[in-house]
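Student: What follows is a predicted protein model with its sequence.
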Amino acid sequence: MDGLSAASSAFAVVSLAIQIGGGIRELYNFWGSIQDGPNEIRRIINDLNIISNVLEDIRQEASREKTHSRVLNTSLAALDGCSETMEALQNMVEELQSGSSAQKRTVRRWAAFKAAWKGDRIRKYQETLREMKITLILARQNAIEYGTLSISLSSNQFFLMPVVTPLRSEMSHSSRSWQSSLRG
């Protein structure tokens, strides 16, 4: 990947991470405003917080000067999928808000939403949110693994160089000796 492509990919990852992060913040604020909700609401808020942190890590990684193209491509693919998921999550919340008279209040009571969202709807929301979280965590893990592997390989290259060089010359000398003994 040339410098321009890498910069373009990095910009795309950073922009998409910021965009998705803004949507996550809106969802976090919405769910955080519901009082007297079941434990599922706290789990949703926790998952949104984790996603927000992972998005920030991905954004920071893409902002680094020498992020590898594989990391950028993986992050971009994960973020593209999560962008679609974000829209679905926002649509579900909009549906919930439109069916409730509490949509404009800064503090909402769970009782106002209970009729609109039965257990299956909230479970579907949680599953969608978990899929998004797993996708982003895997993209982040890929960046960590690739970064660790690159650092490990580059540091081992210098460590192994003194060992490999004498072996090569010894093997070359042995090979010449063996070849001359066959001729002789």
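Tutor: The structure has been received and is ready for your questions.
Student: Could you use CA atoms for every contact and neighbour count after this?
Tutor: Fine.
Student: Neighbours of Pro38, how many?
Tutor: Burial measure for Pro38: 11 neighbouring residues, criterion other Cα atoms under 10 Å.
Student: ok, now the one 4 residues further on?
Tutor: Residue neighbour count, defined by other Cα under 10 Å, stands at 14 for Arg42.
Student: again, but for Gln126
Tutor: Burial of Gln126 is recorded as 18 neighbouring residues (other Cα under 10 Å).
Student: same deal with the one 4 residues further on?
Tutor: When neighbours are counted by other Cα under 10 Å, Arg130 registers 16.
Student: what about the chain, any weak spots by pLDDT?
Tutor: 1-4, 65-67, 99-107, 111-112, 114-116, 118-119, 147-184 (pLDDT under 70).
Student: Please enumerate the helices of it.
Tutor: Using DSSP state H, the helices assigned to the chain run over residues 3-32, 39-63, 69-98, 110-114, 119-183.
Student: Next, the angle from the second one to helix 3-32.
Tutor: Going back to what we said before, that points to helix 39-63. Interaxial angle, helix 39-63 versus helix 3-32 (axes from the mean of the first three to the mean of the last three Cα atoms, to 10 degrees): 160 degrees.
Student: helices or strands next to helix 39-63 in the packing?
Tutor: Contacts defined by 3 or more Cα pairs under 8 Å, 6 or more residues apart in numbering; DSSP states H and E place helix 39-63 against helix 3-32, helix 119-183.
Student: buried sites along that helix?
Tutor: For helix 39-63, burial by neighbour count (16 or more other Cα atoms under 10 Å) applies to 41, 44-45, 47-49, 51-52, 54-59, 61-62.
Student: and what of the third one?
Tutor: Of the residues in helix 69-98, those buried under the neighbour-count criterion (16+ other Cα under 10 Å) are 69, 71-80, 82-83, 85-86, 89, 92-93, 96-97.
Student: and that helix with helix 39-63, angle?
Tutor: 150 degrees.
Student: tell me what helix 69-98 is packed against?
Tutor: Against helix 69-98 (3+ Cα pairs under 8 Å, 6+ apart) you get helix 3-32, helix 119-183.
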